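Visitor: What follows is a predicted structure for the sequence shown.
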Amino acid sequence: MSDLKPIDRKLLFELVKNSRRSDRELAKILKVSQPTITRKRTFIEKEFIDSFTAIPKWDKIGYNLFVITLVKIKANIASKEQYDVVRKRALSWLASQPNILMAAGSRGGGVDSFMISIHKDYSDFDTFFHNYKYELGDMIDDAQSVIVNLAGEEVTRHFTLRSLAEAETK
């Protein structure tokens, strides 16, 4: 983020709060001209924004489970070539799974990677997890999942980036 000027950073987080606002509205908020916002917005969208998306009320559209799966990879990968084959296979499978919101390598807690996925119900998750173990099980030493019921009363705060953006723009 060191490439961002203060005004660019403010604009970025105004877009995180609400990306549907017009350049005119953003110019008023940030107290700069509309052409300046248009120019800066183009730069920020190209360099610092991965994508624009709506965050649905998952439970209202039939997705009731949010799952974080922690994975320990088998330690028998002895060479860079073997690692590359395993990684390519895993990336191919991950790319074919629309339920996965994020996946990455990780460190700590005895795990090597994690994935965050969303599912309609437990049966949907069970099928997903069974397919995961079938497709990649020979590479996995252990996989543990934390399952969150999105339709339950235990959700105390829904996923949002708004509060972070508000803190950044104060």
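Guide: On my side now, so go ahead. Numbers count the residues shown, from 1 in each chain.
Visitor: Return the set of residues that bridge with residue 113.
Guide: Beta-bridge pairing for residue 113 (DSSP bridges): residue 71, residue 105.
Visitor: That one and residue 68 touch, don't they?
Guide: No: applying C-beta atoms under 8 Å as the test, residue 113 and residue 68 come out as separate, 11.5 Å apart. Every residue, glycine included, has its C-beta placed from N, CA and C.
Visitor: Give the residue from those two that has the larger number of neighbours.
Guide: residue 113 (18 against 14; other C-beta atoms under 10 Å).
Visitor: host element of residue 165?
Guide: Following DSSP states H and E, one finds residue 165 within helix 162-168.
Visitor: which strands and helices sit next to that helix?
Guide: helix 6-17 (3 or more C-beta pairs under 8 Å, 6 or more residues apart in numbering; DSSP states H and E).
Visitor: How about the helix it packs on, which residues are buried there?
Guide: 8, 9, 10, 11, 12, 13, 14, 15, 16, 17 (16 or more other C-beta atoms under 10 Å).
Visitor: List the contacts of the residue most central in space within the chain.
Guide: Geometric centre of the chain, nearest residue: residue 102, 4.5 Å, by C-alpha atoms, centre = their mean. For residue 102, the contacting residues are 115, 116, by C-beta atoms under 8 Å, 6 or more residues apart in numbering.
Visitor: And it, how close does it get to residue 5?
Guide: Relative to residue 5, residue 102 is positioned 29 Å away (C-beta to C-beta, to the nearest Å).
Visitor: Give the residue spans of this protein that score low on pLDDT.
Guide: Confidence mapping of the chain against pLDDT under 70 gives the ranges 1-2, 78.
Visitor: mind redoing it with 90?
Guide: Within the chain, the segments meeting pLDDT under 90 span 1-4, 52-55, 59, 73-87, 112, 137-140, 151-163, 165-166, 168-170.
Visitor: Would you map the helices across it?
Guide: 6-17, 23-30, 34-47, 80-95, 122-136, 162-168 (DSSP state H).
Visitor: Tell me how many other residues surround residue 66.
Guide: 20.
Visitor: beta partners of it?
Guide: In this entry, residue 66 is beta-bridged to residue 118, residue 148, by DSSP bridges.
Visitor: Tell me the spacing between residue 115 and residue 150.
Guide: Distance from residue 115 to residue 150, by C-beta to C-beta: 17 Å.
Visitor: Which parts of the chain belong to which domain?
Guide: Per automatic domain parsing, the structural domains of the chain span 6-52, 58-148.
Visitor: Give me the distance between the two termini of the last one.
Guide: The stretch domain 58-148 measures 12 Å between its terminal residues, going by C-alpha to C-alpha, to the nearest Å.
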